[in-house]
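>>> Fold the stuff below for me.
(one chain, ligands or ions: 1)
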Amino acid sequence: MTLTADAAPGTAEETQHVDVLVVGAGISGIGAAYHLKEQFPGKSFVILDALDARGGTWWTHRYPGVRSDSDLFTFGYGFKPWRGASIAASEEILAYLDEVIEDNDLGDRIRYRHRVSAASWSSEEKRWTVHVTREDTGESLRFTTDFLWMCQGYYDHGRPHQPQWEGMDRFRGQVVHPQQWPVDLDYAGKRVVVIGSGATAATLVPAMAQEAAHVTMLQRSPTFFFARPRTHELANTLRALDVPDEWTHEILRRAYIAEGDEITWMSKEAPEELRAFIIESMRPLLPEGFDIDKHFNPTYRPWQQRLALLPDGDLFTAIREGQASVVTDTIDTFTETGIRTSSGEELKADIVVTATGFDLSLFGGVAFTVDGEPVDFTQRVTWRGMMISGVPNMAYVFGYFRASWTLRADLVSEFVCRLLAHMEKRGATTVVPTLRPEDAGMELRPWGDPENFNSGYVMRTMHLMFKQGDREPWVHLLEYAEERDSLPALDLDDSSLVYS
Ligand SMILES: Cc1cc2nc3c(=O)[nH]c(=O)nc-3n(C[C@H](O)[C@H](O)[C@H](O)COP(=O)(O)OP(=O)(O)OC[C@H]3O[C@@H](n4cnc5c(N)ncnc54)[C@H](O)[C@@H]3O)c2cc1C
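Just a heads-up that it's a prediction; the model follows:
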């Protein structure tokens with residue numbers, strides 16, 4: 001890193017220059033840093049994160065039972081064996097990230113409490129100027145960088161999606177959102193209603209049911225739930241045989257990828273068979289007479305939204321044991337003592353948890369300009385879900401919705417490093433994804449295809465996002481199977497990448 005006195009009149013900011021600047025110290029940013037350090041020991045880089053510690057999602061979320069929904073053999077990195085149970089608690093994921101940071105000496109590259117507010121590209125200087133505010137001191141900082149690597153995740157860590165319902169203000173109990181969990185919330189012996197039906201609700205309900213008087217999951221519509229063992233039998237076998245951790249990691253990774261491929265294939269080719277399989281698999285785990293069709297049989301096709309995993313079927317156990325129940329209905333109003341549903345049912349509650357998810361945040365709220373012009377992303381097109389048309393020297397990580405996020409984060413890291421090496425080899429300082437003459441007049445499509453994936457957070461924010469085209473490379477593919485071989489083999493001299 002180099003420091004120079006700021007040349008702009010009227011300010012006393014120092015400008016710090018790095019070859020690569022990574023935004024975000026979650027699983028994507030730490031992975032990016034690992035790859036950078038491995039492949040370019042001579043390059044200077046820094047990771048900036050607005051939070052006060054590493055981990056992103058796994059640092060922000062502190063609700064009871066918070067855990068992964070994916071297996072850690074694929075949610076963990078390809079380069080770092082996972083040694084625990086397949087499904088991991090957030091503390092275990094954070095400990096794993098700590099090991100990656102420590103093993104690779106990445107700690108001194110990370111600056112916490114550094115919020116990036118703006119990034120401006122200058123074609124004349126061939127670099128980005130990045131504006132940063134210190135969250136602790138309010139101080140303004142300025143960095144310059146040759147390459148900007150956005151690992152900011154996909155939602156606003158500071159502001160959850162919090163719908164308002166009639167009568168909320170008269171409710172005498174407590175309303176909490178999982179993204180802003182009060183550390184001292186005491187729910188022992190209390191009646192809890194969790195609004196929501198996604199992975200977070202499915203985690204919270206059995207976890208809170210252990211101490212609460214009763215937990216009701218109040219959902220507007222059902223989600224597909226799938227009970228799986230917390231630990232894969234194969235992992236137990238391999239570990240009992242003292243197989244090296246690296247092999248176990250790779251074998252389990254392949255096993256989970258193959259399983260995911262099969263489910264994806266079935267969801268496309270035989271969705272109703274997959275639906276029947278999921279429904280039948282839960283029947284023996286639920287109480288006799290439980291209305292599965294009403295509560296756990298969604299109207300959408302399996303895999304049109306993320307399939308929510310239940311480790312060891314814990315939600316079903318809580319329902320079977322009478323500690324938890326499910327109500328599928330809409331909210332008419334909050335009352336002083338709970339919630340009244342549209343069909344008139346009164347749900348008494350001391351605590352209401354709004355597990356209503358989040359809204360997508362585009363590039364962490366960073367305001368981009370290129371040569372003084374603000375970038376209107378709604379008018380831009382994605383380049384393979386990794387770069388944006390007309391935005392020089394910038395890559396971003398967006399993981400898979402249905403498979404583990406990190407499978408894609410690893411692929412993007414390999415791609416960015418290959419691109420940086422290619423630029424060096426070509427003697428290029430700039431790369432810009434650029435529409436080719438044959439792309440003139442190309443039909444622009446929404447960034448997400450609701451037929452393929454239609455979770456609420458995607459649908460709510462689609463209008464803010466960049467677009468896709470109707471052909472490669474202007475598409476964002478959603479399956480690991482479509483990318484695992486093709487991304488590493490991409491031709492970097494493709495005419496859609498313009499170097500100078
Ligand atoms: C509760 C929950 C559970 C999940 N479970 C799974 C799962 O099991 N499997 C799966 O595949 N996916 C899961 N996801 C999706 C999950 O977010 C990702 O898998 C993954 O953790 C994202 O990592 P990331 O590093 O890309 O982003 P994040 O974890 O969101 O981290 C991004 C970081 O960037 C920082 N940042 C953002 N904007 C700025 C800015 N302007 N300036 C400075 N810093 C900034 C943030 O502070 C944050 O630390 C889950 C999501 C949630 C909310």
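>>> is any part of the longest helix along the chain close to the ligand?
Identified as the longest helix of the chain according to DSSP state H is helix 245-269. No - using Cβ under 6 Å from any ligand atom, helix 245-269 never reaches the ligand; the gap is at least 10.8 Å. Backbone N, C-alpha and C define where each C-beta goes, glycine included.
>>> Show me what that helix is packed up against.
helix 72-75, helix 233-240, helix 271-282, helix 480-483 (3 or more Cβ pairs under 8 Å, 6 or more residues apart in numbering; DSSP states H and E).
>>> how many degrees apart are the second one and helix 245-269 in direction?
Going by axes from the mean of the first three to the mean of the last three Cα atoms, to 10 degrees, helix 233-240 is angled at 170 degrees with respect to helix 245-269.
>>> next one: helix 233-240 to chain centre, how far?
29 Å (Cα atoms, centre = their mean, to the nearest Å).
>>> quick revisit: okay, the helices and strands packed on helix 245-269 in CSV with mean neighbour count next?
Output for these, formatted as CSV (neighbours: other Cβ atoms under 10 Å):
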stretch, mean neighbour count
helix 72-75, 25
helix 233-240, 14
helix 271-282, 15
helix 480-483, 17
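>>> could these be laid out in JSON lines, adding distance to the ligand and mean pLDDT?
Output for the helices and strands packed on helix 245-269, formatted as JSON lines (distance: least, Cβ to the nearest ligand atom, whole Å; pLDDT from 0 to 100):
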{"stretch": "helix 72-75", "distance to the ligand": "5", "mean pLDDT": "98"}
{"stretch": "helix 233-240", "distance to the ligand": "17", "mean pLDDT": "97"}
{"stretch": "helix 271-282", "distance to the ligand": "18", "mean pLDDT": "95"}
{"stretch": "helix 480-483", "distance to the ligand": "11", "mean pLDDT": "94"}
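>>> Quick one: closest of the ones you listed to residue 265.
For the helices and strands packed on helix 245-269, distance to residue 265 was read as Cβ to Cβ. The smallest value, 8.4 Å, belongs to helix 480-483.
>>> Tell me the strands beside the helix or strand following that closest one, with direction?
As assigned by DSSP states H and E, the chain's next helix or strand after helix 480-483 is strand 497-499. Applying DSSP bridges to the sheet, strand 497-499 is found paired with strand 431-433 (antiparallel).
>>> pull the helix or strand with minimum mean pLDDT from this structure.
Every helix and strand of the chain was ranked by mean pLDDT, DSSP states H and E. The lowest is strand 2-5, at a mean of 57.
>>> Need the mean per-residue confidence for the helix or strand following that strand.
Remark: after strand 2-5, the chain's next helix or strand is strand 14-23, criterion DSSP H and E. Averaging pLDDT along strand 14-23 yields 96.
>>> was I right about residue 467 contacting residue 443?
No - if you go by Cβ atoms under 8 Å, residue 467 and residue 443 don't touch, sitting 9.6 Å apart.
>>> how close does whichever residue of the stretch 301-450 of the chain sits closest to the ligand sit to residue 89?
Residue nearest to the ligand within the stretch 301-450 of the chain (Cβ to the nearest ligand atom): residue 364, separated by 2.4 Å. Counting by Cβ to Cβ, to the nearest Å, the gap from residue 364 to residue 89 is 26 Å.
>>> before we move on, what about residue 307?
For residue 307, the distance to residue 89 (Cβ to Cβ) stands at 20 Å.
>>> Please say which of those two ends up with more neighbours.
residue 307 (19 against 15; other Cβ atoms under 10 Å).
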